[in-house]
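K.L.:
okay, here's the prediction I keep looking at, along with the sequence it came from:
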2 protein chains.
Amino acid sequence: MSETAPSRRSAAWETLAAAMCDVRALGGAVSLLQWDQETFMPAKGAPARGDQLAAVQAALHERLTHPRVAEALDLAEREDSGDPDRAAALRALRFDHERAARVPQDLVRALALAQGEGVDAWKAARTERAFALFAPKLARLVDLRREQADAIGVPAGGERYDALLEGYEPGMRVSRLEPILARLVGWLSPLVAAIGAAPAPESGFLSGRFDADAQWRFTLELLAALGFDPAAGRQDRSLHPFTLGLDPGDVRVTTRVYEAQPLSAIFSTLHEAGHGLYEQNLPAEHRRSLLCAAPSMGIHESQSRLWENLVGRSLPFWRAFLPRLAARFPQLAGIGPADFHRAVNRVERSLVRVEADEVTYNLHIALRFELELRMLRGTLAVSDLPQAWAARSEALLGVRPRDDAEGVLQDIHWAFGDLGYFPTYTLGNLYAATLFDAAARALPGLEDAIAAGDLAPLRRWLTEKVYRVGRRKDAEDIVRDAAGVGLTDEHFERYVKTKYGALYGLAI
Amino acid sequence: MSETAPSRRSAAWETLAAAMCDVRALGGAVSLLQWDQETFMPAKGAPARGDQLAAVQAALHERLTHPRVAEALDLAEREDSGDPDRAAALRALRFDHERAARVPQDLVRALALAQGEGVDAWKAARTERAFALFAPKLARLVDLRREQADAIGVPAGGERYDALLEGYEPGMRVSRLEPILARLVGWLSPLVAAIGAAPAPESGFLSGRFDADAQWRFTLELLAALGFDPAAGRQDRSLHPFTLGLDPGDVRVTTRVYEAQPLSAIFSTLHEAGHGLYEQNLPAEHRRSLLCAAPSMGIHESQSRLWENLVGRSLPFWRAFLPRLAARFPQLAGIGPADFHRAVNRVERSLVRVEADEVTYNLHIALRFELELRMLRGTLAVSDLPQAWAARSEALLGVRPRDDAEGVLQDIHWAFGDLGYFPTYTLGNLYAATLFDAAARALPGLEDAIAAGDLAPLRRWLTEKVYRVGRRKDAEDIVRDAAGVGLTDEHFERYVKTKYGALYGLAI
């Protein structure tokens, strides 16, 4: 953009490329340490694992914030390489560098300490079902996160929450989220009430014992059907399912298997496979640059949600896969795809977010977003949180927790100081519906392909429109380029109302 | 030692303690990356894994060689803390710091590059069975290792080989190794000839198919019997068995299972379990310091050898464990411990080191030590290596390789530039015999305990005398303190001659 002569191999760029390669590689090492911690690490490895994670994360931070990187960034930004990918990589590096460099080392250490203490106190509080044990640590975390937001800098016209939100969802603002969550609550609440008045679908055939090994083999069949490349990743078991991409060639997904709850493994595999497909299909030619990543948590979650819900809880999907499932579980003989489809789309007013269905899920998020925003703004004291939670739970979901463990203590996020993370789940739900709607328009035979068990057309479309973009664009721009419209609840509303209206026989 | 007032919490020491913690933690991260690479990593993860290893190793090198560490070392060494463990940790850190800091960054990079090219060329040369494809890369590695030895500094009165040997076996010298290997060759050669003239033991009952799962379960039974703590480690499968200790609480051993070769899994598990017991019983109270490590490769190998051979190939051991093995493999019914003992101690003049028995093994090492010493001294040209190998193989082992793959290309060590490593295997064999002899004297009921399957007394003695010492002493001092004598082939000679004299009915 400047008058400087273009130079494809400038010294400044070489410095930054080397730094990005190390940042990516150290990030991959962190991911492996975390993956192993949740899968194979022996119990007595925990203390050393803490040291290992801290040391590699410190090395990553040092590499990202080094004065040589700052100098080279200043120089490289004044060069015009004529390469849009290089320009995008520079923007990504500037973004990450600033967010890391602006936070004083003392605050970084204080946050790390407070997170460790927060998680420990949260665990103790859950066991005792008593929020008071966690309250002082949460109050400390809220204070530190406010400090951190101020250090990073509040975006023009924004507020502290925005500075934190930027860490999960670059470009997103409270001013965009508040109205869209209000709209969602507006049409979801009456829908949930109407569904609650209708008869619940039959799902008795899902009780009984479903052999764990047979479940496991079925999840591997699902991964293969979705196009998860087994030479570029693997599935293992963990207590809480998750996905970590070390590289497009090395993506680790996990699932869990309960013999009495066959849907748990199926839908957690489908969910993580969505994350996994995103990671495997990132632009591998940029594997040593920051472009080889999703631009936000929300767009990443859109893919887990799309494959889990828009595909995995659809009737065409079960036309293809119920026979395969029934081949492993004879107790499902005689159950038709429509029965199965109804059973996996049961809607319930529940207390627990992670068990929530598609319809009520965003009400759980609205609750959390509202409360964490008020805590950061200083209009809700941490000590008043349990009462506020219970009241809003009753208002939004129609259920009131019997104690703190069922309510305010159910999620680990705040114990990590993760304030600003929850709304990315709703963004994921909305982006998923918008992207799936666009895919269905672009691929006229999509439903038939899914019903035939052929998921490749959809995966290819998503790869081209979303996965391969990497971090070249912000999340909403990716959605806008793919679907013609950015953040909206229009497609999600139509999808939910059409599907659940039909399933529950409602006139909507 | 100086006039400086003692200070338990000096700033210099705090700096060094933090550096050691990071060095240990980053080393643990490197180990996990390596372990995963050989066990669970998907194939397409390889390119990124190279970047991850390089980035974490670079961070470790930077932490170890940082000018602040050099300054703090100078200061701390002048303080008298009155704490012998602190003094030992300072010696270890000084040693590692100097070896890392004295080698210029350009040479570090050149070596890393040459190692990568060396391994690639070695693989190609093995496939083609043609040393010439590997020769130029090996010549380059020899040159760079000579340069590295000069940069580190040749010990007083020593030679370049000593500077490299120090990296594997601190305190050891060529001037100690040459006479002891000459002695070994002197008495092993006639013994091998005598055994060759005697009838070979019967081992037909080891052919046929041995179920892989049953083998695996037996190896886990062996690990448990040896006292390998499953809460502080795990066993997995890999192509080449190895052990990596991330921490005393997190030790990874691997083995391999061949259905047609049941002894492979058994003895590789026993071997790696020996390494694993050492790692699990290192002084955990020093887990964040350099003291939490074995002082040398030779002493580490002494423990794999001790458990594999002195215990695992003994008659008392099979009195206890053959019934357990036969319970899993009915085809062994009717075989007695003495038959089994003879079969697992078959001596053969073979071409391949990793398949060599206890008697011929050190002859393979004598061959390699002699040739690598001559290469480093410049008295053997790399291009003459295959001929020299074949000639010395015939002289020492009585067998001549048919081609380079069977001979000079069989080991990967030189492809990594590992010159000076091989003699640590022989040190391991000798130290194992000396330590076991001392244990037998200290524990009068040892043989009976082993025959009853009780390996705890031996493990406890080794833990106290060897494992828990960590890096407070050099290897030979540990052996001397435990056994009353340092490096000697006396106990190994007596052990081998007694055992194999009886097995082969020789009058020795």
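P.N.:
Nice, thanks for sending it over. Numbering: from 1, shown residues only, chains lettered A, B, ... in the order given.
K.L.:
quick one, helices of the stretch 101-250 of chain A?
P.N.:
A:105-128, A:135-152, A:160-165, A:174-197, A:212-226 (DSSP state H, counting those that start in this stretch).
K.L.:
which one of these is the most hemmed in?
P.N.:
helix A:160-165 (a mean of 24; mean count of other CB atoms under 10 Å in any protein chain shown). Every residue, glycine included, has its C-beta placed from N, CA and C.
K.L.:
got any ranges where the stretch 151-300 of chain A has weak pLDDT?
P.N.:
Applying pLDDT under 70 to the stretch 151-300 of chain A flags no residue at all.
K.L.:
pretty sure A:Ser207 sits against A:Ala260.
P.N.:
Yes. Using CB atoms under 8 Å, A:Ser207 is in contact with A:Ala260, at 7.3 Å.
K.L.:
list the contacts of A:Val174.
P.N.:
A:Val174 is in contact with A:158-159, A:161-162, A:165, A:373, counting by CB atoms under 8 Å, 6 or more residues apart in numbering or on different chains.
K.L.:
distance of A:Ala58 from chain B?
P.N.:
Applying CB to the nearest CB, to the nearest Å, the value for A:Ala58 to chain B is 7 Å.
K.L.:
likewise A:Ala139?
P.N.:
Distance from A:Ala139 to chain B, counting by CB to the nearest CB: 30 Å.
K.L.:
my read: that residue touches A:Val382, true?
P.N.:
Yes. Proximity of A:Ala139 to A:Val382 meets the contact threshold set by CB under 8 Å, at 4.3 Å.
K.L.:
hang on, the earlier thing: list just the nearest of the contacts of A:Val174 to chain B.
P.N.:
A:Leu165 (29.8 Å; CB to the nearest CB).
K.L.:
what's the local residue count around the closest residue in space to that closest one that isn't next to it in sequence?
P.N.:
Excluding the flanking residues, the one nearest A:Leu165 by CB to CB, 6 or more residues apart in numbering or on different chains is A:Gly420, at 4.3 Å. Neighbourhood size, A:Gly420 [other CB atoms under 10 Å in any protein chain shown]: 28.
K.L.:
swap in A:Ala101?
P.N.:
Other residues near A:Ala101 come to 17 when the count uses other CB under 10 Å.
K.L.:
who's in contact with it?
P.N.:
Here A:Ala101 is in contact with A:64-65, A:70 (CB under 8 Å, 6+ apart).
K.L.:
what is the nearest of the residues you listed to A:Pro170?
P.N.:
Here the nearest of these to A:Pro170, counting by CB to CB, is A:Leu64; it sits at 16.0 Å.
K.L.:
shouldn't the closest one be in contact with A:Asp96?
P.N.:
Yes. In this structure, A:Leu64 is within contact of A:Asp96 by CB under 8 Å, at 6.0 Å.
K.L.:
overlap in contacts, these two.
P.N.:
Joint contacts of A:Leu64 and A:Asp96 (CB under 8 Å, 6+ apart) are A:Val23.
K.L.:
of these two, which one has the most company?
P.N.:
Neighbours per residue (other CB under 10 Å) separate A:Leu64 from A:Asp96, with A:Leu64 holding more: 22 against 19.
K.L.:
against B:Ala76, how distant is that one?
P.N.:
Using CB to CB, to the nearest Å, A:Leu64 is found at 31 Å from B:Ala76.
K.L.:
just A:Ala29 next, same as before
P.N.:
Taking CB to CB, one finds A:Ala29 at 30 Å from B:Ala76.
K.L.:
relative to chain B, which residue of the stretch 401-508 of chain A is the closest?
P.N.:
For the stretch 401-508 of chain A, CB to the nearest CB, closest residue to chain B: A:Gly470, 15.1 Å.
K.L.:
and that residue, how many neighbours does it have?
P.N.:
Neighbourhood size, A:Gly470 [other CB under 10 Å]: 28.
K.L.:
quick check: it touching A:Cys292?
P.N.:
Yes. Counting by CB under 8 Å, A:Cys292 is a contact partner of A:Gly470 at 5.6 Å.
K.L.:
give me the common contacts of these two.
P.N.:
In contact with both A:Gly470 and A:Cys292: A:282-283, A:286, using CB under 8 Å, 6+ apart.
K.L.:
turn those residues into TSV, including neighbour count, distance to B:Ala502 and secondary structure.
P.N.:
Conversion of the shared contacts of A:Gly470 and A:Cys292 to TSV gives the following (neighbours: other CB atoms under 10 Å in any protein chain shown; distance: CB to CB, whole Å; DSSP: H, G, I helix; E, B strand; the rest coil):
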residue	neighbour count	distance to B:Ala502	secondary structure
A:Leu282	24	64	coil
A:Pro283	18	67	coil
A:His286	21	66	helix
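K.L.:
quick revisit: wait, which of the contacts of A:Val174 is closest to B:Val485?
P.N.:
Closest approach to B:Val485 among those (CB to CB): A:Leu165, at 69.2 Å.
K.L.:
doesn't A:Arg173 make contact with that closest one?
P.N.:
Yes. A:Leu165 is within contact range of A:Arg173, at 7.1 Å (criterion: CB under 8 Å).
K.L.:
if we can go back for a sec, show me the contacts for the residue nearest to A:Leu165.
P.N.:
Listed by CB under 8 Å, 6+ apart, the contact partners of A:Gly420 are A:161, A:164-165, A:167-169, A:372.
K.L.:
can you pull the pLDDT of A:Arg9?
P.N.:
Looking at A:Arg9, its pLDDT stands at 68.
K.L.:
what's the helix or strand for the spatially most central residue of chain A?
P.N.:
Ranked by distance to the mean C-alpha position of chain A (CA atoms, centre = their mean), the top residue is A:Glu301 at 3.7 Å. Element membership of A:Glu301 [criterion: DSSP states H and E] is helix A:297-305.
K.L.:
cool, A:Arg252 as well?
P.N.:
Counting by DSSP H and E, the element that carries A:Arg252 is strand A:250-255.
K.L.:
for that strand, output the C-alpha coordinates as PDB.
P.N.:
The C-alpha atoms that make up strand A:250-255 are tabulated as PDB, following Å, rounded to 0.1, in the frame of the first residue of the first chain:
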ATOM      1  CA  ASP A 250      -3.100 -34.600  12.200                       C
ATOM      2  CA  VAL A 251      -6.600 -34.000  13.700                       C
ATOM      3  CA  ARG A 252      -7.600 -35.700  16.900                       C
ATOM      4  CA  VAL A 253     -11.300 -36.100  17.700                       C
ATOM      5  CA  THR A 254     -12.600 -37.900  20.800                       C
ATOM      6  CA  THR A 255     -16.000 -39.300  21.800                       C
END
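K.L.:
any bit of it sitting next to chain B?
P.N.:
Yes. Using CB under 8 Å from any CB of the partner chain, strand A:250-255 comes into contact with chain B via A:250-251.
K.L.:
quick one: name whatever helix or strand follows that strand.
P.N.:
Using DSSP H and E, the helix or strand that directly follows strand A:250-255 along the chain is helix A:262-280.
K.L.:
still on that earlier bit, name the residues contacting each of A:Ala139 and A:Val382.
P.N.:
With CB under 8 Å, 6+ apart, A:Ala139 and A:Val382 have no common neighbours.
K.L.:
not counting its neighbours along the chain, what's nearest the residue in the stretch 251-400 of chain A positioned nearest to chain B?
P.N.:
In the stretch 251-400 of chain A, the residue that lies nearest chain B is A:Arg287 (6.3 Å; CB to the nearest CB). In space, and not counting its chain neighbours, A:Arg287 is closest to A:Asp247: 5.8 Å by CB to CB, 6+ apart.
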